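Asks: Sharing a model that was predicted from the sequence below.
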Amino acid sequence: MAGGGFSKLPNGSVVVAITLPSPAQSVGPDTPVRVLVHAANRARALTRLRNLGLRAVYLRGNAEPPTPDEITAVLHHPDGLLWRARPERAQELWHPIRALLRPALPARQS
């Protein structure tokens, strides 16, 4: 279901990268998203995602570890959680995780 991997940093922390089906309708249900998480270890990284409502997140193997650019992006973000809708397109900017998980705004009625 999901491809992903991790990179251990010199300070002992890890960056986990996972490609998942989009949980947001605004992105599109068939559009994969690449999620990056910076945490003390792999278990804590996955727990951070599960606590946000992404319950079925597992990391099996290290087939798609984060690239150096992805590691730099997540390390420079204050939350340490980022996503991008099209993993294969480097032109798209990274977004904070709350932009993916916030509920869609209801339509305004006049």
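Replies: Great, that's in hand.
Asks: Which parts of the protein are strands?
Replies: For the chain, applying DSSP state E gives strands covering 3-8, 14-21, 32-39, 81-84, 95-96.
Asks: would you put the C-alpha positions of the longest helix along the chain in CSV?
Replies: Ranked by residue count and defined by DSSP state H, the top helix of the chain is helix 42-51. Output of helix 42-51 as CSV, limited to C-alpha atoms (Å, rounded to 0.1, in the frame of the first residue of the first chain):
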residue,chain,number,x,y,z
ARG,A,42,11.1,5.4,13.7
ALA,A,43,8.5,4.4,16.2
ARG,A,44,7.9,8.0,17.4
ALA,A,45,7.7,9.2,13.8
LEU,A,46,4.9,6.7,13.0
THR,A,47,3.2,7.5,16.3
ARG,A,48,3.2,11.2,15.4
LEU,A,49,1.3,10.3,12.1
ARG,A,50,-1.1,7.9,13.9
ASN,A,51,-1.9,10.6,16.5
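Asks: just checking, V35 touches A17?
Replies: Yes. Because the distance of 7.2 Å satisfies C-beta atoms under 8 Å, V35 is recorded as touching A17. Backbone N, C-alpha and C define where each C-beta goes, glycine included.
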